[in-house]
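Asker: have a look; sequence and predicted model below, questions after that.
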Amino acid sequence: MLFNVAGATSSPKQSGSNRFYKFVYDVRFPCAVRCAASMGANRLERAAISGDVTALWRDDLRGHWSQPSGPVAGMTAGGAALCLQQMGRDQWIRAVLHVRHLPAVDGSMRHLMTGAEPLVAQLSEHLQTGTGDWAARVGGYLLDVELPTAATAAARCTITTPGAGHELSEPVDSWIMAAALTTQNRGAV
Amino acid sequence: VRVAPGLNDAEMRAALEDLARAVGSEWVFTSDEDLDLYRDAYSPLMGQPDERVASAAVAPDTVEQVQQIVRIANRRRLPLYAISTGKNLGYGGSAPVFSGSVIVDLKRMNRVLEVDERNACALVEPGVSYFDLYDYIRKRKLKVWIDVPDPGWGSLIGNALDRGAGYTMTNYRNHFDSHCGLEVVLANGEVLRTGMGAMPGAKTWQQYKPGFGPWVDGIFSQSNFGIVTKMGFWLMAEPEAYMRGVVQVPRYQDLAALVDTLTLVENQRVCTGMMDLFSPLLSVPGSAEYPSWLENGPPKVEPERAALLSAADIGYSPALEQYALRNAIPYWASNMTFYGSPRVVQAQWETAQEIFKRVIPGVRFSAGELIRLPLTEQQKERAHLPEFGIPSLSIFSIGARSRLNPEPTHGHMWFSPIIPRSGAAILEANRAFTTAARELNLPLAGYFNLPYFFWERSLIYIVGFAVVDDPVVNRKNMESFKKLIRIAADHGWGEYRTAPVYQDAVMDTYSFNDHVLRRFHETLKDAVDPNGILSAGRYGIWPRHLRGAKH
């Protein structure tokens, strides 16, 4: 599997080379709220949902994705992530990084990552060496992440971080969705 | 470049070049990252060597391009698999049935060609989604509704061709039945129009369904005899009001009379909307409450009731029934919905109550608010939107793990046989499938399973099979699923729709007179698609050169 991610132009607000359009977070999950808070409102526009993505997709992302557009990141329930991924497919948008954050019985968190190799590698490093709890580290990663500009191999990786698992009753997903370079010049669909 | 079955590398490259000339190279997809978009997200074979995947994809924008693609495929013997938007998840996604086929992705053909408010009908292309048509109607302030599935994320044509269902008035919920007129690109590249559309300059293509002579529309649903490029639909005239009424019955044995009377008031058109069954005693939810029940599980009950439920035999024991009567907890209940002018709705609800009172002693009723339409924004927040013809994605609020499903899943497959509209059939189905589930060590979602009333005169008994990350568990579940297909068939119940991995097994059960139906399908297939290029294997119809092979 290869990934070929578009949208890699610098943003004055973000230190990395990405230009995220928005960070979507589900307010039902404290970790998602912490992740959003860790990024600061002035650095990345945030969109809060409470489970349902209908309005977000219908009134915002559908229009955004119908033209060449920057990537979108999020921390949501798995259902919302899957739904947006499927809706994105209608405009050839794909998940270039997907992380399932799974609470373990001992209170630790497992992070099952799938995606473009450099994205997985960067997130692994952030989760292992970043500051704050794991959710804040994901936030820091999103501010710093360098989205690849050329095709890269896919990777899978699992990282375990201590603590904070007890606050979650179900897994939460982090994700980055973006168009491929090969589709960037296509007209609106 | 992946190579389609039956071709070598050079032939595949030549075919792709032909396709690029037909649609433009930017609309031919061959990279892994592009083709990943066509994997079935709910496939139980995800990541396995036998996962069904595409070798390439091509996205035409016009009927003429579809014709060219089909002609190229015939010349190059290139297997194709057509999708509208590929949102048939739970019954198959955008992945081909015959692995290695080239996806013909029709989502760029997304034009709403006509909405006739006066006659309440529309003509659309395959890429038009429920959201697209809903927006089109709203922007023009047209007084018509669409009937949407839940979730309402897919294509009208795709859902109708797979025989999907919705939630509004009786005669619109069967999405294939509510279509009127097709345009189909045949395997030889010719364009066929059905019904009145067969007449040049026809004025009633979306108004009169059959046209003249044999009515062939049905052979293009759940099949592979052509690629549908336009489809007409009858829409619902916007009603003035909506109301939901609840019927509750006290005893276990009342189920038969409840179902029979629901059928009567539906057949008499006293009840014009969707109806369902639920059980307050057994904590079985109604259709509108099902997503919340999936997420949160059954409500907690007090210990005596919990013990009685656990000890009951498939939802019944005399002690449980006595408990229900003592505590005035209905054994069974139904939500009925009504659409029309306020006076008509009120009269229908009163008439329905009179009919139930004549038949079932102890029946009780509760009426919901009579809602004047259209809904306010505030009302939309609380409503089950599909009942109002409004597409929604809210069902995806459910997480990957729930009380009923403690292991994280990445999808599900629906086992959904059609059973008779009777209380006896519901009890028989519960006994048959509960017994089978215990033998197969399948988890049971509750104390009882109540079927859905999507369509008239029959019921759909739906069971969800989780798709998990463990391929061994998925393989085991697939075998169990196939056993349930056989058990259902032994009772005379057949699946109405199923995922690609089960389509051959289901078709095998429609075996009357030595599989004459399948043989007839194959005769048609050989006649209209002699090279077998279109969607091989879809719904168990294989072209001659692939027949008999294991896929």
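Answerer: Yes, it's here. Residues are numbered from 1 along each chain as shown, chains lettered A, B, ... in the order given.
Asker: can you show me the helices along the stretch 351-500 of chain B?
Answerer: B:377-382, B:423-439, B:471-490, B:500-509 (DSSP state H, counting those that start in this stretch).
Asker: and for chain A?
Answerer: In chain order, chain A shows helices spanning A:30-39, A:54-56, A:62-65, A:78-89, A:117-129, A:134-144, with DSSP state H as the criterion.
Asker: closest to B:V184 out of the ones you listed?
Answerer: helix A:78-89 (25.0 Å; Cβ to Cβ). Where you see a C-beta, it was placed from the backbone N, CA and C, and this is true even at glycine.
Asker: only alpha carbons, please: show the closest one as CSV.
Answerer: Listed in CSV are the C-alpha atoms of helix A:78-89, where the atom choice follows Å, rounded to 0.1, in the frame of the first residue of the first chain:
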residue,chain,number,x,y,z
GLY,A,78,-15.0,4.8,15.7
GLY,A,79,-18.4,5.1,14.1
ALA,A,80,-17.9,8.8,13.3
ALA,A,81,-14.4,8.1,11.9
LEU,A,82,-15.7,5.3,9.7
CYS,A,83,-18.6,7.4,8.5
LEU,A,84,-16.4,10.4,7.6
GLN,A,85,-14.0,8.1,5.9
GLN,A,86,-16.8,6.6,3.8
MET,A,87,-18.3,10.0,3.0
GLY,A,88,-14.8,11.2,2.0
ARG,A,89,-14.5,8.4,-0.5
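Asker: next secondary structure after the helix or strand of chain B with the lowest mean pLDDT?
Answerer: Within chain B, no helix or strand scores below helix B:290-296, which has a mean of 71 by mean pLDDT, DSSP states H and E. Toward the C-terminus, helix B:290-296 is succeeded by helix B:303-311 as the next helix or strand (DSSP states H and E).
Asker: what packs against that following helix?
Answerer: Contacts defined by 3 or more Cβ pairs under 8 Å, 6 or more residues apart in numbering or on different chains; DSSP states H and E place helix B:303-311 against helix B:318-326.
Asker: any stretches of the chain with poor pLDDT?
Answerer: Unless you meant another one, I'm taking chain A. A:1-18, A:41-42, A:164-166, A:181-189 (pLDDT under 70).
Asker: my bad, chain B
Answerer: Counting by pLDDT under 70, chain B contains low-confidence ranges at B:291, B:294-295, B:398-408, B:550-551.
Asker: tell me which residue is most central in it.
Answerer: With distances taken as Cα atoms, centre = their mean, B:G164 lies nearest the centre of chain B, 3.1 Å away.
Asker: correct me if wrong: that residue contacts B:P149.
Answerer: Yes - contact status for B:G164 versus B:P149: in contact at 5.0 Å, counting by Cβ atoms under 8 Å.
Asker: what is in contact with these two at once?
Answerer: By the contact definition Cβ atoms under 8 Å, 6 or more residues apart in numbering or on different chains, B:G164 and B:P149 are jointly contacted by B:H175.
Asker: now the helices of the stretch 351-500 of chain B as JSON lines including distance to B:W27 and mean neighbour count?
Answerer: Putting the helices of the stretch 351-500 of chain B into JSON lines (distance: least, Cβ to Cβ, whole Å; neighbours: other Cβ atoms under 10 Å in any protein chain shown) gives the following:
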{"stretch": "helix B:377-382", "distance to B:W27": "37", "mean neighbour count": "10"}
{"stretch": "helix B:423-439", "distance to B:W27": "45", "mean neighbour count": "17"}
{"stretch": "helix B:471-490", "distance to B:W27": "34", "mean neighbour count": "17"}
{"stretch": "helix B:500-509", "distance to B:W27": "25", "mean neighbour count": "21"}
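Asker: nearest to chain A, of these?
Answerer: Closest to chain A of the helices of the stretch 351-500 of chain B, according to Cβ to the nearest Cβ: helix B:377-382, at 9.8 Å.
Asker: the closest residue to B:R193 other than its chain neighbours bridge partners, please.
Answerer: The shortest distance from B:R193 to any non-neighbouring residue, by Cβ to Cβ, 6 or more residues apart in numbering or on different chains, is to B:E183 (5.1 Å). The residues paired with B:E183 through beta bridges, assigned by DSSP bridges, are B:R193, B:K230.
Asker: okay, now B:E183: neighbour count?
Answerer: 21 (other Cβ atoms under 10 Å in any protein chain shown).
Asker: now for it: which residues touch it?
Answerer: Residues counted as contacts of B:E183 (Cβ under 8 Å, 6+ apart) are B:V63, B:V191, B:L192, B:R193, B:T194, B:G197, B:V228, B:T229, B:K230, B:M231.
Asker: around chain A, pick out the residues from chain B.
Answerer: Chain B comes close to chain A at residues B:26-27, B:31-34, B:36-37, B:41, B:85-87, B:89, B:94, B:107-108, B:110, B:129, B:131, B:151, B:153, B:391-402, B:408, B:410-411, as judged by Cβ under 8 Å from any Cβ of the partner chain.
Asker: list buried residues within those.
Answerer: The neighbour-count test (16 or more other Cβ atoms under 10 Å in any protein chain shown) marks B:27, B:31-34, B:36-37, B:41, B:85-87, B:89, B:94, B:107-108, B:110, B:129, B:131, B:151, B:153, B:391-402, B:408, B:410-411 as buried among the residues of chain B next to chain A.
Asker: distance between the ends of stretch B:69-82?
Answerer: Across its full length, stretch B:69-82 reaches 11 Å between end residues, using Cα to Cα, to the nearest Å.
Asker: in that stretch, which residues are buried?
Answerer: Residues of stretch B:69-82 classed as buried under the neighbour-count rule (16+ other Cβ under 10 Å) are B:69-74, B:76-82.
Asker: who does the one helix or strand B:G245 maps to pair up with?
Answerer: Using DSSP H and E, B:G245 maps to strand B:241-249. Sheet pairing here is set by DSSP bridges, and for strand B:241-249 it gives strand B:332-340 (antiparallel), strand B:364-367 (antiparallel), strand B:371-372 (antiparallel).
Asker: tell me if stretch A:76-86 is near chain B.
Answerer: Yes - Stretch A:76-86 lies within reach of chain B by Cβ under 8 Å from any Cβ, at A:A77, A:G78, A:G79, A:A80, A:L82, A:C83, A:Q85, A:Q86.
Asker: neighbours of the fifth one, just the number please.
Answerer: A:L82 sits with 22 neighbouring residues when counted by other Cβ under 10 Å.
Asker: name all residues that make contact with it.
Answerer: Taking Cβ under 8 Å, 6+ apart as the definition of contact, the neighbours of A:L82 are B:A41, B:F396, B:H410, B:G411.
Asker: any idea how far it is from B:G245?
Answerer: Distance check for A:L82 against B:G245: by Cβ to Cβ, to the nearest Å, it reads 35 Å.
Asker: now do the strands in chain A.
Answerer: Assigned strands in chain A, in chain order: A:2-3, A:22-26, A:46-49, A:72-76, A:93-103, A:109-116, A:152-161, A:172-179 (criterion: DSSP state E).
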